[in-house]
Structures are given as structure tokens and as C-alpha cells.
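**Q** predicted model follows, preceded by the sequence.
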Amino acid sequence: MLKNYFKIAVRSFKRNKSFSAINLLGLSVGIAATLLIALYIKDELSYDRFLKNGNNIFQVSLAGDFGGNQFNTYNTPPPVGDAIMNDYPGVKSYTRTFSPGDVLISNDRSSTKKYFTEQNVLAVDSNFLQVFDFSLLQGNAASCLNEPHTIVITKATAEKYFNTDQAIGKVLLFGDSKLPLKVTGILQNIPAQSTLQFDFLVPMSTYKVVSYFSWSWIWLNTNTYVTLSDKLAADEAAVNKMVALFPDMVKRRAGKAFERVGMPMEEFYKKGGYWNFGLKRFTNVHLHSAGIETNTSALGSIRNLYIFGAVAFFIILLACVNFMNLSTARSVNRAKEVGVRKVLGSLKRNLTAQFLVESLLFSFAAAIIALVLVVLALPGFNLLAAKTLSFGLLFSNYIWLGLIVLAILIGLLAGSYPALYLSSFKPIAVLKGKLSKTGAGTIFFRNGLVVFQFAVSVGLIICTTVVFNQLRYTQQKDLGLDKENLLLISNTQRLGTAEKTFRDELSKMNGVLNATISTNVPSAGAFGDRYIPEPSATENNPAKDMSMYSYMVDEAFVPTMDIQLLKGRNFSTAFNDSASVIINETAARQSGWKEPVGQYLMYPGGDETRFKVIAVVKDFNVQSLHSAVTPFALFHHSSKSYTEPASFISVRVKPGQVSQAIASLQAKWKNFSPDTPLDYNFLDARLAAMYKTEQQVGAVFSVFAFLSILVACLGLFGLAAFTAEQRIKEIGIRKVLGASVSGIVSMLSKDFLKLVIIGSVIAFPVAWWAMSKWLEDFSYRVNIGWWVFGLAAIIAMIIAFVTVSSQAIKAAVANPVKSLRTE
């Protein structure tokens, strides 16, 4: 019986090659798209799962309000891990990491010395490799970081510096001071699916700043991880109960630290401040950290996974809808076959089984073709999604079994309605030719499927348009400074006392308009602290305190960045500006002063230094548009307000002379610092990199929007071809009676275009809601204008019209004599 079903299915394929090809291609594209998304989702869900103790590790977070500045961050103070471990039973250990930023590293062989600026460096506590069991190829995890002046590196790093992975005992020169560190461990290369990415581990003692702030509950520059007992980690309610006690810990332990910076705890809470620590299971950090500031740049988003999962579901559903539509549309052609089989004794269940076998054969054939499509598409998809997915993943962890199940489900889902519909024909009516070709129920169902297809397609077009519109907005929005032709040189502190001379030399170069030194630049972070706006004779009701981020800069910073000066004057060599400050509009508003220029800000820590406000500048964005502009200040270098480990020189280059300026810059750097690499990039590129995730989402969206439209159009093409075939005699009669080609094309196209319009109207509110939610992550965002919906509908209608009219024109230009000839 089954063999007979296969024979009939193959004959049906051969007899209807065009429809079979359309069905096969639609299902293949749908399954291939689903497989690609499944690989992406699997990769995202696998982050940190390789850690044996991953479910017991929790990362400490901090939600705070300090001086009116609200934040939620994974950056924590140095003493919090020890406090949690000692205050709460069930906490077995803690470990910390500190990210020093760019570090100059070289090997110690003078004849083959290699210098590199490394960014993936972590300073860690000595038990780090016991908490995080990364694979250690050589060395002892319990002791390799116990001693000062030691370093652990990855296998790839060992080969990079020493041309071998046998590097135990070898020495690397670390940092600007070229501190010799002995290699005491070699790690297997860190998996791509690790939230923590590093090439070097050094003892925390390497950075004295961490121990210097060991008292502080306000210096937020370490990441803290605690390990809980199996019993506690498995009980989410118990963990939440422990976290609810953390505010008491802060009150007991942090009072002196707050008082030391001029903010007694009682006053802090009275002003509405809060300092709430939390715990996030480490295996959840990668996907569930929305709204939490972090040093980690490679975090994912569970929202994106939901979106991509929904897209995969709808694309495969579109392919199934195509199959149903074309199968039911062709029902008239197979009606006599059904009638004859029933007269000869076939039961309804036999006919149902036959049609389901045909559907399953289609599905499995499509799955095989889909695998080929995935192999061809994977390199490009990896490039779009910034992944390293391999085809072999499909055959690991029972994914291959999932593919078989998916093929069966698709076959049953796509074939169930046509099988039940075809097998229900009454043989007498069929053989008498009385089968209705245009039953209202059948037409309504088929039209509903077309509406669904284009609702999904139009929705994806709208989503893609909004994503790219927001990305264009991030590139075009006035940031309060000029990001074009601004070259940023990092790590210029390596020049030491020659840094200012180097800046002056750059200013004199052909093609350079200006150059400035600053402790930081937009996109690279900023120093944050608390200041108190002082009352005066004219301003007697300022804010009680205010948190501000800041840079220390020279006189050329404002003109080089092209920041607009609204009131007051810039820093100048004609004045002693060591006690001067320039604030932005937001700081001016939050200060409570009506006229900020001439007023004083007091730093409550240390010797309570006072800074005179000499200017107010227009707000400028130093972070991505995800975050709103916060109070910001510029201090002069001579103020020595704080110590920052890094320094930047920003160079404003004349338009059209970038290449010449870079060449001159490289030559100049070699004269000043021949042994260290020149690290530079452009501000516009740095700012664009902050939207890497959104760019990937937009690219992936555009691909799958295209695929959904392709699948929908394949179905529409098949339906249009079948409709033209069914109405061939009607078209012939109309032509004989004088109908024009355009009139016939319009007649055949308008019904399909009505369905596209209905699908668009259904898609509009759903897409608007989805993208409004997505845009909530941006403090500065575009409005979803009416034109987005109109554009999506027009695109869908044009594509649908081209698809349908190709078949309509073919039918309209056919010779009516042939179509009217008696069979």
C-alpha cells in the first residue's frame, strides 16, 4: 500500500512540474530560514553553559540613585563581594575582575620584540580560575595567580608572542612601565559563547588603584561574582529573600565610605537616594541584561531571540500556507481521480493517507534542499549576524532529530487540510462534473491564507524600515559636536612629558585644523562623581547635590570638538583655570541656578575644592542614543581634579586630506615613540560601533523580510497561474468580444491586490506595537510616521502586481482560438 502511495505521489509530481517546483521551493526556503534562525538561537542560548558551575555563579548588580543620577549597572565597588560572603550563609566564595582598558604588552626577547596594544586584559582575584573553570592546558588553576608579577594567557596569545604554546616560565613586559610578568598558565582559547572574553589574566595586585579604593562603596570599577551553595542556588525564592536583605548590609558597612565623600548615609536616604545590590544568575547574564550598564560589549538580548523565533515561525507557516493554497486550488484537476478511486473501493482514510504521503514526500525533499541552501547561505549569514556558526551544529545535540520532526510536522500541517478536503469529494457529483469550482468556503479559506501571507510580509517590511530608519537617525542626529573628520589617538599618556609637544607638532601639520588633549572622548566613557551647587547672594535655592560625569581637557577641546558655547568663555592660557569648570545645559538646569555662570560647584570629598562655572555649553552626547544626556562638566587639566590612567589626542582634519594627515601622523609618532604602536581611529566609526547589535538586527530582519516576500510571491505566482488556467475560456471569449490586454490583466490582478491591501491593514497595528516596544530602548528615537506603513503596502502591492501580472499577461496575449477550441 505504502509503495503504491509513493508511486502515485511521484506521478503527480511529474504531471504537475511547475506547481510541484513552486511548492518545493517555497518549503525549502522556509525550512532553510528556520534552520538558520534555529542555529542563531541555539548559539545565543549556549552562552556560558560550558561552565560546570555556571548555575551556581551569580553576578552582583547595583541599582542606585546618587545625586539625582539613577542607574543600573554590573559595575560594583571592591568590598561588596567580601561583605556578601561574610554576611550571608550559603555564599561559598566570591571573585572580582577589573578591566584596565588598553594595555601595552611586548615579549622580552630584544631581537624579536613585539609590541601590541591589547584590550582583552582582565585583572582578577587569585581564585578566578577556580570559580570560572575555563580549560587550563598548562599550570595550576589554584595557584597560577597567587603570586604578584605573574600572568596567564590563552593558547592563541602564546603563539602570537612566542610562536609556540609552550610558554610557561617565559616573560611578557606589561603596561607602559614594561613590568616583567612571568607566564604561569596557558588557557585553551576562550569559547565564542563566553560572556567573559579575555586573552590575559593578571593578579588584581597588578593594579594598585583597586586596593587603594578597597574602602569605597562608591568607586564602581570592579565586577563581582559570588558562588552559592547547590541548595541556595537551586532555590530562586531563597536567593531573592537574601537579596532583599542587602540594603541592611549597605547601611551597616557603607556608612563610613559615604561619609568620607561628604554624604552621610542618613542624609543620602533622606534625599531619596538608594544603593540596592542584586544578583543575576551568570548563565542568564548574556540574554537578560537589558537596561543594565556593563563593560561587556557582546551581550545579547532575549527580546531579539523572541523576535527571530517569531519570524522563523511565520516564515515556515507561510511555506505551509503556500502548500495548502496550491493544493486546494488544484483540487478540481484531481477531483476525477478521487471519484474513480472511491468508485473502485478506496476508503476516505486511504485517500487521506495518500495525500498525506505526498505532502510528507514534499516536506522531506524540501528539507534536503534546505540543508543545501543552509550550507550555501551560512558564510553570508555569519557575516551579517557576526557569528561563527558551522553546518556541523545541525547534527549535534539531537538537532538532526529536530529537523526530522520538523519535516514531519510541516508535512502533516501543510498536507492535512488538502488531504481532508480532497478525500471528502462525493464520487457521483465528481464523475458527473458537478463539483463546484468556486465554493464560497473554499474561496474564503484560500483568500484568508493569502491575506495572512501578506500581513506577515508587510509586517516584516515595516519592522525592517523602522530599524534602518532608527539607525540612520543615530548617524544623522545632531550630537552637539562635529563627529566628521575627527581622528582620535588613544593611549597618548605613553608619550609622558612629550605629550603636549606632540599635540603642538600635530597642530602645525598640513591638513590639520586643530588638536586637543583630554582624559576621555565621546564613546570611551567618562569619570563620574558628586558635586554640590553652592548658594550665593543671587542664587539662594540651588540643588542640594548633583552627580556629574566629566573630562579633563585643555583650551583646544571645545573648538576641536566644535561644541557650541552658549554662555561665558572657554578655557584660556590668559587665565588660571585650575579652579574653573564648564558645564552642559543639563547640568545647568539640574543645578537649580537661574544664571549658572559665575556660580561655584563644591566637591564634597577631600579638601572640599570649589570650582567656578565659567561657561555653559550645548548638550553633547558622549554615550549612545540609548542613554539620555546627563549632567556633564569639563575641567581643565591644571585642576588635577582626579587621576585617569589613559589620555587621548583628538585631531580635527581638513576634509579631503585624511589620508595625508594619517601618513604624517604615523611618521610623527615614530619620531616620538618608535617602540610603541600608534592606536587611532575616527570618532564617527567609534560611534557607529555602539549600534553594532542594532545593525545586525536590521540586516537579519531585511534578509528574512525578503525571504517571507519570496515565499508569499511563490504562492501568489502559483495561484495566479492556476487562476489564469481555470479562466482560459473566459479570457478567450472576452478577447473575441474586444477586451484589451490591459483590461484582462486588470481583471485578473485586482482580486489579488485587494487581498494584499487587507493583509497590509491587518499588519499595520501589529507592526506599530512591536516596533514601539523595540524603540523604547532608545532615549532618542524616531517617530513611526504614516509613510512607513504606506511604503510597506506599496512595496507589497508592486511585488504582488508584478508577480500576478506576469501570468495575467501570458494568458491575455494567448491566441483565443486555441483556448476556445473544443476538446
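**A** Nice, I can see it. Residues are numbered from 1 along each chain as shown.

**Q** now the strands for the stretch 501-650 of the chain?
**A** For the stretch 501-650 of the chain, the strands defined by DSSP state E, counting those that start in this stretch cover 512-518, 527-533, 546-553, 565-568, 580-584, 600-602, 610-617, 632-636, 648-653.

**Q** the stretch 51-200 of the chain: helices as residue ranges?
**A** 80-87, 128-131, 155-162 (DSSP state H, counting those that start in this stretch).

**Q** can you put the strands of the stretch 501-650 of the chain in TSV and add distance to residue 121 and mean neighbour count?
**A** Quick note: C-beta positions are derived from backbone N, CA and C, even for glycine. Output for these, formatted as TSV (distance: least, CB to CB, whole Å; neighbours: other CB atoms under 10 Å):
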stretch	distance to residue 121	mean neighbour count
strand 512-518	23	21
strand 527-533	20	21
strand 546-553	23	23
strand 565-568	38	15
strand 580-584	32	27
strand 600-602	35	18
strand 610-617	34	21
strand 632-636	28	24
strand 648-653	19	24
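
**Q** where does the prediction get shaky in the stretch 551-700 of the chain?
**A** Along the stretch 551-700 of the chain, segments meeting pLDDT under 70 span 605-607.

**Q** which residue ranges form the helices in it?
**A** So, for the stretch 551-700 of the chain - with DSSP H, counting those that start in this stretch - the helices run 557-561, 585-591, 658-672, 683-689, 692-726.

**Q** so how far is the second one from its chain's centroid?
**A** It refers to helix 585-591. Averaging C-alpha positions (CA atoms, centre = their mean, to the nearest Å) puts helix 585-591 32 Å from its chain's average.

**Q** surely residue 72 and residue 274 touch.
**A** No - using CB atoms under 8 Å, residue 72 is not in contact with residue 274; the gap is 11.3 Å.

**Q** common neighbours of these two, please.
**A** 63, 64 (CB atoms under 8 Å, 6 or more residues apart in numbering).

**Q** with respect to burial, which of the helices of the stretch 51-200 of the chain scores highest?
**A** helix 128-131 (a mean of 21; mean count of other CB atoms under 10 Å).

**Q** same for that one, what does it pack against?
**A** Counting contacts by 3 or more CB pairs under 8 Å, 6 or more residues apart in numbering; DSSP states H and E, helix 128-131 is packed against strand 91-98.

**Q** beta partners for the nearest residue to residue 108 once chain neighbours are set aside?
**A** Residue nearest to residue 108 in three dimensions, not counting chain neighbours: residue 171, with 4.3 Å by CB to CB, 6 or more residues apart in numbering. Beta-bridge pairing for residue 171 (DSSP bridges): residue 182.

**Q** adding distance to residue 209, write the strands of the stretch 501-650 of the chain out as JSON lines.
**A** Output for those, formatted as JSON lines (distance: least, CB to CB, whole Å):
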{"stretch": "strand 512-518", "distance to residue 209": "20"}
{"stretch": "strand 527-533", "distance to residue 209": "13"}
{"stretch": "strand 546-553", "distance to residue 209": "17"}
{"stretch": "strand 565-568", "distance to residue 209": "34"}
{"stretch": "strand 580-584", "distance to residue 209": "24"}
{"stretch": "strand 600-602", "distance to residue 209": "25"}
{"stretch": "strand 610-617", "distance to residue 209": "24"}
{"stretch": "strand 632-636", "distance to residue 209": "19"}
{"stretch": "strand 648-653", "distance to residue 209": "19"}
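
**Q** doesn't residue 734 make contact with residue 744?
**A** Yes - using CB under 8 Å, residue 744 makes contact with residue 734 at a distance of 6.2 Å.

**Q** related to what we said a few turns ago, how about the contacts made by the residue nearest to residue 108?
**A** Contacts of residue 171 by CB under 8 Å, 6+ apart are 107, 108, 180, 181, 182, 183.

**Q** neighbours of the third one, just the number please.
**A** Spelled out, it's residue 180. 12 (other CB atoms under 10 Å).

**Q** quick revisit: could you identify the most distant pair in the contacts of residue 171?
**A** 107 and 182 (12.3 Å; CB to CB).

**Q** quick one: common contacting residues for the two?
**A** 170, 171.

**Q** between these two, which has more neighbouring residues?
**A** Legend: neighbour count by other CB under 10 Å for residue 107 and residue 182, higher for residue 107 (19 against 14).

**Q** the residue lying closest to that one once chain neighbours are set aside and residue 130, how far apart?
**A** The shortest distance from residue 107 to any non-neighbouring residue, by CB to CB, 6+ apart, is to residue 161 (4.7 Å). Applying CB to CB, to the nearest Å, the value for residue 161 to residue 130 is 26 Å.
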